[in-house]
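Student: okay, here's the prediction I keep looking at, along with the sequence it came from:
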Amino acid sequence: MKFRGLMTDAAVMKDFMNVATGLSKFSKNCVMRITTRKVYFIISEEESGPRRPLAWCELPVNFYFKQYNLVGLNEEYNEIYLELSTALLARSLSLLKQNVKSLKIKLTNKDSPCLTLEMELASESIQSRQCVHDIPVEVISLKHWKDYEEPRFNDFHVSIEMPNLKTIKTIVERMRNMSHSLIVSATKDGRLTFQIKTNIVTLSSHFPGLSVESFAIGQLQLSQDYENDEEQRVNSVVDIKKFLMFLSGMQLNHCRTVCSIVHGKMVKLFMEQPGVLSLQVFLTQLSI
């Protein structure tokens, strides 16, 4: 198996760094899936039992890499799956905050498999400077690839476009000081609500007039959470810390963000910048 990719555009390298930094807030480890068309970063829930997806990030090869060479497991399975430390990846790429001419990423074998990052730093002298970071990786065998398949959920009861994430982050950070859970709800007329409930206080923040992509409740009997509220409301209760991981980790510009809810079961947060990045975060219903 072989992998080598080269980036030379400064803005693209910083986008890649921002993605790695954001993902490092979700988990200590991730799986990097390398294919001919896309590079994926996959994060699973950190718990025992069957793997459940937490984050699924896709980066198109033709946007990020000027040169790209992949020789996968074989002709039929021309892919590579690597498990690595998100913290080490983010820390190594933080050098891109400086004036860097190029970033080369390749799979190497230095006593054990490594993802090697070679960064050429711009220098006023004739001789350029190079910084090399080796990140230990575990090559995942074919029999375990099925554990990292893309999650597909098509039974969302509502999908609604989200407002400015920085505004939501400020509000939810304050809510976190009072509760470990967050009620995320949406209505057919485009009202997105974030709410916490404790023995002392009930606090809600409402964002009306948002674009609703779909609303299909079928035969669901939806509860009326507000007095004299006759709107049909879809909601799910999620871990407020994980919700904040998404808001804090992925502050990327020019991205469209959609919140999808399976009533009483799940919230999916989807962020996309076409041709640059797509990110899905799956937050399952808390048992309260």
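Tutor: Structure received.

Student: Thr116 is in contact with Gln130, correct?
Tutor: No - assessed by C-beta atoms under 8 Å, Gln130 is found out of contact with Thr116, at 11.6 Å. No exception for glycine: its C-beta is placed from N, CA and C like everyone else's.

Student: which one's more surrounded, these two?
Tutor: Thr116 (18 against 13; other C-beta atoms under 10 Å).

Student: elements contacting the longest helix along the chain?
Tutor: If you go by DSSP state H, the chain has its longest helix at helix 10-24. Applying 3 or more C-beta pairs under 8 Å, 6 or more residues apart in numbering; DSSP states H and E, one finds that helix 10-24 contacts strand 38-44, strand 53-60, helix 61-64, helix 86-93, strand 100-110, helix 240-249.

Student: got a list of contacts for that helix?
Tutor: For helix 10-24, the surrounding residues in contact (C-beta atoms under 8 Å, 6 or more residues apart in numbering) are 7, 30, 41, 43, 55, 57, 59, 63-64, 86-87, 89-90, 93-94, 96-97, 99-100, 103, 249-252, 276-277.

Student: from the residues you listed, list just the buried residues.
Tutor: Buried by 16 or more other C-beta atoms under 10 Å: 7, 30, 41, 43, 55, 57, 59, 63-64, 86-87, 89-90, 93, 96, 100, 103, 249-250, 252, 276-277, out of those.

Student: quick one: the closest residue to Leu210 other than its chain neighbours and Leu95, what's the gap?
Tutor: Counting by C-beta to C-beta, 6 or more residues apart in numbering, Gly190 is the residue found nearest to Leu210 once chain neighbours are left out, at 4.3 Å. Gly190 sits 43 Å away from Leu95, going by C-beta to C-beta, to the nearest Å.

Student: also Pro60?
Tutor: Pro60 is 24 Å from Leu95, by C-beta to C-beta.

Student: show me which positions of stretch 204-220 end up buried.
Tutor: Buried residues in stretch 204-220 (16+ other C-beta under 10 Å): 205, 207, 210, 212, 215.

Student: can you give the domain ranges for this structure?
Tutor: Structural domains assigned to the chain are 2-148, 158-284, following automatic domain parsing.

Student: correct me, but Glu138 touches Ser85?
Tutor: No - in this structure Glu138 lies outside contact range of Ser85 using C-beta under 8 Å: 10.4 Å.

Student: which one's more surrounded, those two?
Tutor: Ranked by neighbour count (other C-beta under 10 Å), Glu138 and Ser85 place Ser85 first, with 18 against 13.

Student: distance of the residue nearest to the more buried one when sequence neighbours are not counted from Glu83?
Tutor: Spatial nearest neighbour of Ser85, excluding adjacent residues (C-beta to C-beta, 6+ apart): Asn29 at 5.9 Å. Counting by C-beta to C-beta, the gap from Asn29 to Glu83 is 6 Å.

Student: same check, this time on Ala186
Tutor: In this view, Ala186 and Glu83 are 36 Å apart by C-beta to C-beta.

Student: more neighbours, the two?
Tutor: Counted by other C-beta under 10 Å, Ala186 and Glu83 do not tie: Ala186 has more neighbours, with 28 against 16.

Student: now for the more buried one: which residues touch it?
Tutor: By C-beta under 8 Å, 6+ apart, the contact set of Ala186 is 158, 160, 192-193, 212, 233-235, 259, 261.
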